[in-house]
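Chemist: this one's sequence-less:
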């Protein structure tokens with residue numbers, strides 16, 4: 001069996017989207033610069049959010065019909081309206097047993113806080129009005145969730161009272177770890193606490209580009225499993 005990573009992952013549509021001249025490194029509209037001064041820096045090593053433990057995923061498909069009634073008949077008629085996938089619900093767990101894992105968990109929380117927000121105001125003015133990004137969901141191989149474009153509609157978590165919390169150093173020099181984050185020290189001297197175990201839940205919905213879907217979707221090919229990399233489910 002080929003060595004393929006079937007774990008659940010949420011990735012930017014394009015990993016490298018430009019260069020940050022101030023930091024002299026590649027950057028991305030979703031993950032930010034590939035640099036230790038970025039709180040999302042640990043996610044660059046996994047091309048986005050990699051769920052380390054097997055999540056629970058629930059979804060399905062909906063077919064809408066408009067019921068039509070006829071006078072003096074015994075049966076009605078259903079006129080087809082449309083079909084669409086149900087939202088994808090995902091429940092997952094993260095742990096923090098080392099400083100690297102704690103940094104990763106902190107980055108995951110900031111990732112979902114970020115991808116559920118839009119640009120607005122004057123900073124930066126040229127991006128004002130840009131909605132939250134469409135990201136790519138992969139899980140269980142090419143005939144399950146393969147390059148599915150999704151938007152995050154909700155992200156939920158609970159900091160439980162009966163869980164241990166550990167300090168994570170966000171001002172450590174990157175030389176100590178390839179996932180190290182080096183942010184300016186604050187009044188807490190660079191330390192933030194995260195739970196050693198955290199359960200999260202997401203609700204995602206598919207977000208296809210209408211003109212692209214119109215030009216490339218083919219039900220005959222879809223039925224045969226031949227649209228493997230196009231993200232249709």
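Modeler: Arrived safely, thanks for sending. Bear in mind the structure is a predicted one, so any value in this text is a computation, not a measurement. Numbering: from 1, shown residues only.

Chemist: can you list the buried residues in stretch 135-153?
Modeler: 135-139, 145-146, 148-152 (16 or more other CB atoms under 10 Å). Glycine gets a C-beta too; all of them are placed from N, C-alpha and C.

Chemist: quick check: mean pLDDT across the longest helix seen in the chain?
Modeler: Determined from DSSP state H, the single longest helix within the chain is helix 99-114. On average, the pLDDT along helix 99-114 is 94.

Chemist: what's it in contact with?
Modeler: 30-31, 39-43, 48-49, 94-96, 152, 155, 157, 166, 168-170, 172, 177, 179-181, 192, 194-195, 198, 200, 202 (CB atoms under 8 Å, 6 or more residues apart in numbering).

Chemist: follow-up on the earlier one: what's the most distant pair in the buried residues of stretch 135-153?
Modeler: Greatest spatial distance in these: 146 and 152, 18.7 Å, computed using CB to CB.

Chemist: the residue with the largest distance to the centre of the chain in helix, strand or coil?
Modeler: Distance from the centre of the chain peaks at residue 72, with 52.8 Å (CA atoms, centre = their mean). Secondary structure for residue 72, judged by DSSP: H, G, I helix; E, B strand; the rest coil, is coil.

Chemist: among the helices and strands of the protein, which has the poorest mean pLDDT?
Modeler: strand 18-20 (a mean of 78; mean pLDDT, DSSP states H and E).

Chemist: average pLDDT for the next helix or strand after that strand?
Modeler: Next helix or strand after strand 18-20 toward the C-terminus (DSSP states H and E): strand 25-27. Confidence for strand 25-27, expressed as mean pLDDT, is 87.

Chemist: can you give me how far the following helix or strand past strand 25-27 is from the chain middle?
Modeler: Per DSSP H and E, the first helix or strand lying C-terminal to strand 25-27 is strand 49-50. Computed by CA atoms, centre = their mean, to the nearest Å, the chain-centroid distance of strand 49-50 equals 8 Å.

Chemist: what's strand 49-50 packed up against?
Modeler: strand 9-12, helix 99-114 (3 or more CB pairs under 8 Å, 6 or more residues apart in numbering; DSSP states H and E).

Chemist: what are the boundaries of the strands in this structure?
Modeler: Using DSSP state E, the strands of the chain run over 9-12, 18-20, 25-27, 49-50, 56-58, 61-68, 77-85, 88-95, 135-139, 145-157, 165-169, 191-195, 197-206.

Chemist: partners of the first one in the sheet?
Modeler: It refers to strand 9-12. Strands adjacent to strand 9-12 in the sheet, as given by DSSP bridges, are strand 49-50 (antiparallel), strand 135-139 (antiparallel).
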